[in-house]
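*Asks:* Here you go, sequence then predicted model.
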Amino acid sequence: FLSSSFSELLCATPDSFLVDLGGGTGAFTSRLRRDLGLRRRALVVDPSQGLLNGAAEFADDVETLLADADGFLGKLATAEVDPPQLVILKEVVHHVPRWASVASSLYSLLPSPSRVVIMTRPPTSHHFPFFPAAHDEWARHQEPPSAYAGPLEAAGFGVEVVERAYGVDMAKQQWLDMMRGRFWSTFSAFGDDELEEGVRRVDREHPGERLAFEDRLCFIVAVKA
């Protein structure tokens, strides 16, 4: 679902150069590059060397750069990195400081035409099987799409926000274990005891062995003509 959504919104050509800002191990980048049919390897940019080490598994599809967003833009400005036609940020934009400055630099440094596609989630989490304190924590830190779309538009991009949803049906125990493993930063706000209490509450409130819920995504598509 994610790769097909990005593929549709990126409008790539075989000669497009793709950069994944905050791409981690490059697992998703590798699949997307293949789905897009790109001739050139994609570039995975991430500030974690540990995550980038995992990209060796996908060396046929991706190359890596150890940098945060500002570091990447600095290398783009000095021509140490080729200007990409496609940039994605998947579930990481809320970790990028000074977003307005980053958006402005992207518009200045990217070629014409180019696209930036951001995937984030809405500021409400009631559709997820969370415990109450997790819903509150999510709401405190999850910005609305306009917080990212606005600076892109102010920088000069043409911007569209596309909302999509898909159904999730999974084993309840898998979801409980994911929460215990703090798979989203939302759960990192809780100590072990508080988190375990919350997980047990979710378990009680959702009897049965499976969970069915909706995952809602927001894609911000910024186009430089």
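*Replies:* Nice, thanks for sending it over. Numbering: from 1, shown residues only.

*Asks:* Only C-alpha atoms, please: export the longest helix along the chain in CSV.
*Replies:* For the chain, the helix with the greatest residue count under DSSP state H is helix 192-205. C-alpha atoms of helix 192-205 as CSV (Å, rounded to 0.1, in the frame of the first residue of the first chain):
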residue,chain,number,x,y,z
ASP,A,192,8.3,0.3,31.7
ASP,A,193,5.6,-0.1,34.4
GLU,A,194,3.3,2.6,32.9
LEU,A,195,3.7,1.2,29.4
GLU,A,196,2.9,-2.4,30.6
GLU,A,197,-0.2,-1.1,32.5
GLY,A,198,-1.4,0.6,29.3
VAL,A,199,-0.7,-2.5,27.2
ARG,A,200,-2.7,-4.7,29.6
ARG,A,201,-5.6,-2.2,29.4
VAL,A,202,-5.6,-2.5,25.6
ASP,A,203,-5.6,-6.3,26.0
ARG,A,204,-8.6,-6.2,28.3
GLU,A,205,-10.6,-3.7,26.2
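
*Asks:* Next, count neighbours for Pro144.
*Replies:* For Pro144, the number of neighbouring residues by other Cβ atoms under 10 Å comes to 14. (Each C-beta comes from the backbone N, C-alpha and C, glycine too.)

*Asks:* How confident was the prediction at the closest residue to it other than its chain neighbours?
*Replies:* Once flanking residues are discounted, Pro144 sits nearest to Pro123: 5.1 Å by Cβ to Cβ, 6 or more residues apart in numbering. If you check Pro123, the pLDDT there is 94.

*Asks:* thinking again about what came up before, show the average pLDDT along the longest helix of the chain.
*Replies:* Helix 192-205 comes out at a mean pLDDT of 98.

*Asks:* quick one: buried residues of that helix?
*Replies:* 195, 198-199, 202-203 (16 or more other Cβ atoms under 10 Å).

*Asks:* chain center to that helix, what's the gap?
*Replies:* Distance, stretch centre to chain centre, for helix 192-205: 27 Å (Cα atoms, centre = their mean, to the nearest Å).

*Asks:* right, and the helix or strand after that helix?
*Replies:* With elements assigned by DSSP states H and E, the helix or strand that comes after helix 192-205 is strand 210-224.

*Asks:* ok but Val168 is inside a helix, no?
*Replies:* No: Val168: not assigned to a helix; according to DSSP: H, G, I helix; E, B strand; the rest coil it is strand.

*Asks:* Please work out how many residues are found near it.
*Replies:* 14.

*Asks:* Surely it is in contact with Glu214?
*Replies:* Yes: between Val168 and Glu214 there is a contact under Cβ atoms under 8 Å: 7.0 Å.

*Asks:* and the most centrally placed residue in the chain, bridged to which residues?
*Replies:* By Cα atoms, centre = their mean, the chain has its centre lying nearest to Lys90, at 1.5 Å. As for beta bridges, Lys90 partners with Met119 under DSSP bridges.

*Asks:* Just the helices from the chain, written as ranges.
*Replies:* Going by DSSP H, the chain shows helices at 2-10, 27-36, 49-53, 69-77, 99-109, 132-141, 146-155, 172-180, 192-205.

*Asks:* List the buried residues in the fourth one.
*Replies:* To tie it back to what came earlier, the one meant is helix 69-77. Applying 16+ other Cβ under 10 Å to helix 69-77 flags 69, 72-73, 76 as buried.
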